[in-house]
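Novice: Pasting the sequence and the predicted model now:
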Amino acid sequence: MKNLKQTIFYYLKVYEKFVSTSISVGVSFRTSFTLLLLMDLFFYFSTLLSVNFIYDHIQMIGPWDKNHLLFFISFMLGIDHLHMTLVSESFWELSHSIRTGDLDFALIKPANSVFSVFFRYFRPSTIINIFVVWTFIIYYGIQVKLEPLSWVLLPFLMFLGFFLFVVIEFNIAASMFWLKEGLGINFLRMQLQQLARWPNFIYASIARKFLTVCLPILLVGSGPIHFLYDYGKWPLILSMVAASIVFLFILKFVWRSALRHYNSASS
Amino acid sequence: MGHALKWWQTIKISWSNHTAYRMNFFLQVIGPALVFFFVKYNLWSSIYSDESVEIIKGYTLSQMIDYHVWAMIVGLLAKGHSALNLSEDIRLGRISNFLIYPFNFWEFHTASFLSFQILQTIIVSISICIFWSLGILSIPSASILMSGFLYCLFVSCFWYTLQYLTGLVGFWLEETWILRVILEILTAFLSGAIIPLELYPKWFVSILEWTPFPYLTYFPIKTFMGQNSELIASYSVVTIWIIIFCFINHIIWKRGIKLYTGAGM
Amino acid sequence: MKKTVIYSQKLEKKFTSYKKEPGLLGSLKSLFVRNYITKKAVKDFNLDIKQGEIIGLLGPNGAGKTTLMKMFTGIVVPSEGTLKILGYTPSERDRLFRKKIALVMGQKSQLWWDIPAMDSFLLLQRFYEIEESQFQKRIKTMSELLDVDDLLHIHVRKLSLGERMKMELMASLIHSPEIIFLDEPTIGLDLISQENIRNFIKEYHQKNKCTIIVTSHYMADVQALCERLVLIFDGEKTFDGPLSKFETILGKEKNVTFNFSSPQDPTLDLWSSFEAQWDSHKIQVDLRIPEDKLRSVALNIIKDFPVTEFNTEKMPIERVMKTLMKNPQIVKQLNGNNGPHELNGRN
């Protein structure tokens, strides 16, 4: 028990430095800092407006009306926001550092390499957008009349969704070790995000089954939101937890063989 | 003659660069287009599955699907190219080579763009055959198809000048990818790549008509669908935009190169 | 008898890559079919290094030095053979093992480009759990030794290559590693910086009694630092022994150069017995004179000819290395004469 506490403490202390070094870098490039912020805002507004425009001409998509779907979209933007802030940059850096061999330095550090690879870069500029994202979430949450318990559960469910998604992504990102040029894998990850950004019921049955059971990215957003609208759907949350554990286990093996396969770009 | 050879050689070299990482090329260029289409296919199928919905703003389900298949084709053919290499050349100082070579920077990148377009044309032709034989795409006639292809290739030149601009900003900005993503998000939303422009509010579309965005996706799609009655106007507008951006690029390049050689970075 | 810190037996590493035919057709073809080729970067490598040694790992580009270093640090996993470092198997990447080693690569940087080096050091402090007082002490002694105390708070991208290398060294040594791997630490540096880095490594080694493995293409580095050399050619170990032995593997002769005030006759018998090499004006000659005859022969030449200048070779290893690199088969021949496997100076 004491050991676990020490380990957590160790990683927190290292992470604190990850964040502070990322902030010193981030704020020294002011134009990029601002543009990054704008980029996300454009993305949020174009996503929400597109759905709005569609609902100008129809009443329902599947079982959901406009506000139900927009709450879902806002929830997914919340996950996207966490993703952009906490891990996104590290994925891009990984493909770069595998190619250049800079990964060597991360591997010889006495910390878990999954941690030092995927949590190394923190984006200080995107954190500011948290106000925008949560304004949408709260506004549409009120529109769909969330119950008090749902409001309490909301942040935890968002974190669970985020966790499940990144664990799946870590597994996918490990394939960069075999491909050498990892840029394509990052595009693959983004495609999965794209798929997860829509509610599960729009997908035809085979695709839906595959993306719920085999590669459970549809659980990431649809799981929590269906549950928040109807507590009877608690098995969805249970399967999210189960899926997270399964993919964490898979990651253990995938990562080990990825490192075994890593032939750093030597001179 | 010697100069044409240089172009040809550059086209060949960049062709090998494009195809060297086959998996990568697929995931970076073709994959996103397919997934984007897949999502929209499912979304609209699901919307039209409601019995009360039959026609939305003049689109039946199959017309809506047609629209989105063409949107994908246009995305690949007219807006596939990215200026990543260009900005890297600037950021990593490889530009110095071009100041010495008897082959200009813009010539090198334009040749690379051309070879990319050749590759895209092949891929798109195969895709059209596949989607057509699957029965999810209707082609009005061969001449309309040709006219769509030509217009797309013309629009791709405009896209190239836009991309070129985002690359040139590399003289001042460390991370030009952010600009490219902003450009992508804005075009996807404003050009009709996400949903047909007919579904947008009237006032919104009337503003859009004054911007180049609809010409990047909406008008090329309409051309493929045989519904673009103002083809000459479409060409003229794109021509004007190309000239404007060539001019801007020229000025930006001149300023950038002054900064570059002056600071000796 | 000191304890063994690096031990390898029959160590081997294979890499696969594919061949691409040139041109458009070749590219298209490689989309579908690829001819894979396997290359052994390191083969049958046996090594035994004791605590506190400084070893020079030499070889031409692509001989396998870096691969070897990366296997030692657990970055690259060996294809076959045994490898033990400080009793650990590096590829298992034990946390304690990683706390005891350091890797410095002259061609790469572990420092963050856009922030001062000190910020990177603070991160490393967390990584290696270094106590604050220890940390401050080490920063102080190292920065004084390297003469960089006023550079710690300057953005790394603004430092010169030499200054940056010093910071890289500090970053790698901040946790007082037991074994230090230096991969071309002086590459690209000017002569003064090279010397500074060398002196630092030497002093650091004397103070801390750590084990150091260094690769370099600069023989001055090797001459100044290493007591023992390991030579690697095409993935195979071809020499392993003390520096003094390496200097003489091509023979015990000394190279001596004489300059004369006027052209001389190169056909004299005297010259031919010492493998004379004349310059085009016949006023300079290189001779190879057996060690025991050096004094008498040199005296005679100075007496009988208008000598203006003469000197013996400063760095015989440079000549030996050059000769071996031009004719790798010489090593094989020497090995053939000296023993079944390798030229081993230690036995």
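Specialist: Arrived safely. Only a predicted model underlies this, so the values are computations on that prediction, with no experimental measurement involved. Numbering: from 1, shown residues only, chains lettered A, B, ... in the order given.
Novice: and stretch A:68-78 with chain B, contact?
Specialist: No. Applying Cβ under 8 Å from any Cβ of the partner chain, one finds stretch A:68-78 separated from chain B by no less than 10.5 Å. Using the backbone N, CA and C atoms, a C-beta is placed for each residue, glycine as well.
Novice: list the buried ones in that stretch?
Specialist: Neighbour-count burial for stretch A:68-78 flags A:68, A:69, A:70, A:71, A:72, A:73, A:74, A:75, A:76, A:77, A:78 (criterion: 16 or more other Cβ atoms under 10 Å in any protein chain shown).
Novice: Tell me which residues are up against that stretch.
Specialist: Identification of contacts with stretch A:68-78 by Cβ atoms under 8 Å, 6 or more residues apart in numbering or on different chains yields A:44, A:47-48, A:51-52, A:55, A:61, A:64, A:133-134, A:136-137, A:139-141, A:143-144, A:158, A:161, A:196-197, A:199, A:220-222, A:224-225, A:229.
Novice: switch the cut-off to 6 Å
Specialist: Stretch A:68-78 has contacts (Cβ atoms under 6 Å, 6 or more residues apart in numbering or on different chains) with A:44, A:51, A:61, A:133, A:136-137, A:140, A:144, A:158, A:197, A:199, A:221, A:225.
Novice: Throw those residues into TSV and include distance to residue A:184, thanks.
Specialist: TSV is the format used below for the contacts of stretch A:68-78 (distance: Cβ to Cβ, whole Å):
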residue	distance to residue A:184
A:44	26
A:51	29
A:61	32
A:133	29
A:136	32
A:137	32
A:140	35
A:144	38
A:158	29
A:197	20
A:199	28
A:221	25
A:225	31
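Novice: Show only the entries of the buried residues of stretch A:68-78 found in helices.
Specialist: Assigned to helices by DSSP state H, the following of the buried residues of stretch A:68-78 qualify: A:68, A:69, A:70, A:71, A:72, A:73, A:74, A:75, A:76, A:77, A:78.
Novice: Do you know the pLDDT at the second one?
Specialist: In the predicted model, residue A:69 carries a pLDDT score of 97.
Novice: Output the contacts of stretch A:68-78 in TSV; the columns should cover neighbour count, secondary structure and pLDDT.
Specialist: Putting the contacts of stretch A:68-78 into TSV (neighbours: other Cβ atoms under 10 Å in any protein chain shown; DSSP: H, G, I helix; E, B strand; the rest coil; pLDDT from 0 to 100) gives the following:
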residue	neighbour count	secondary structure	pLDDT
A:44	20	helix	97
A:51	18	helix	96
A:61	24	strand	95
A:133	21	helix	97
A:136	19	helix	98
A:137	22	helix	98
A:140	21	helix	97
A:144	18	coil	96
A:158	20	helix	97
A:197	18	coil	96
A:199	23	coil	97
A:221	26	helix	97
A:225	26	helix	97
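Novice: now, among these, which is nearest to residue A:168?
Specialist: residue A:221 (13.1 Å; Cβ to Cβ).
Novice: Quick check: the closest one vs chain B, distance?
Specialist: Separation of residue A:221 from chain B (Cβ to the nearest Cβ, to the nearest Å) stands at 13 Å.
Novice: From chain B, how far off is the closest residue in space to that residue that isn't next to it in sequence?
Specialist: In space, residue A:221 comes closest to residue A:76 once its chain neighbours are excluded; the distance is 4.6 Å by Cβ to Cβ, 6 or more residues apart in numbering or on different chains. Using Cβ to the nearest Cβ, residue A:76 is found at 13 Å from chain B.
Novice: ok and the residue in the stretch 1-150 of chain A nearest chain B?
Specialist: residue A:46 (3.7 Å; Cβ to the nearest Cβ).
Novice: Just give me how far the helix or strand hosting residue A:138 sits from the chain centre.
Specialist: In this assignment (DSSP states H and E), residue A:138 forms part of helix A:130-143. Offset of helix A:130-143 from its chain centre (Cα atoms, centre = their mean, to the nearest Å): 18 Å.
Novice: which residues are in contact with that helix?
Specialist: For helix A:130-143, the external contacting residues (Cβ under 6 Å, 6+ apart) are A:67, A:70, A:71, A:74, A:77, A:78, A:81.
Novice: Show me the shaky parts of chain C.
Specialist: C:1, C:20-28, C:30-32, C:332-347 (pLDDT under 70).
Novice: which parts of it sit against chain A?
Specialist: C:15, C:66-67, C:70, C:73, C:75-77, C:95, C:98-99, C:103, C:110, C:114-115, C:119, C:123, C:126-127 (Cβ under 6 Å from any Cβ of the partner chain).
Novice: Take these and, keeping just the buried ones, write it as a ChimeraX select command.
Specialist: To isolate in ChimeraX the members of the residues of chain C next to chain A that are buried, counting by 16+ other Cβ under 10 Å, one can use:
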select /C:66,67,70,73,75,76,77,98,99,103,110,114,115,119,123,126,127
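Novice: near chain B, which of the residues of chain C next to chain A show up?
Specialist: Filtered for proximity to chain B (Cβ under 6 Å from any Cβ), the residues of chain C next to chain A leave an empty set.
Novice: what secondary structure does residue C:266 sit in?
Specialist: When classified by DSSP: H, G, I helix; E, B strand; the rest coil, residue C:266 comes out as coil.
Novice: contacting residues for it?
Specialist: Contacts of residue C:266 by Cβ under 6 Å, 6+ apart are C:278, C:282.
Novice: what about it, distance to residue C:285?
Specialist: 7 Å (Cβ to Cβ, to the nearest Å).
Novice: Quick check: neighbours shared by these two?
Specialist: Common neighbours of residue C:266 and residue C:285 (Cβ under 6 Å, 6+ apart) are residue C:278.
Novice: Burial check on the nearest residue to residue B:58 once chain neighbours are set aside, number of neighbours?
Specialist: Once flanking residues are discounted, residue B:58 sits nearest to residue B:198: 6.5 Å by Cβ to Cβ, 6+ apart. If you count neighbours by other Cβ atoms under 10 Å in any protein chain shown, residue B:198 ends up with 15.
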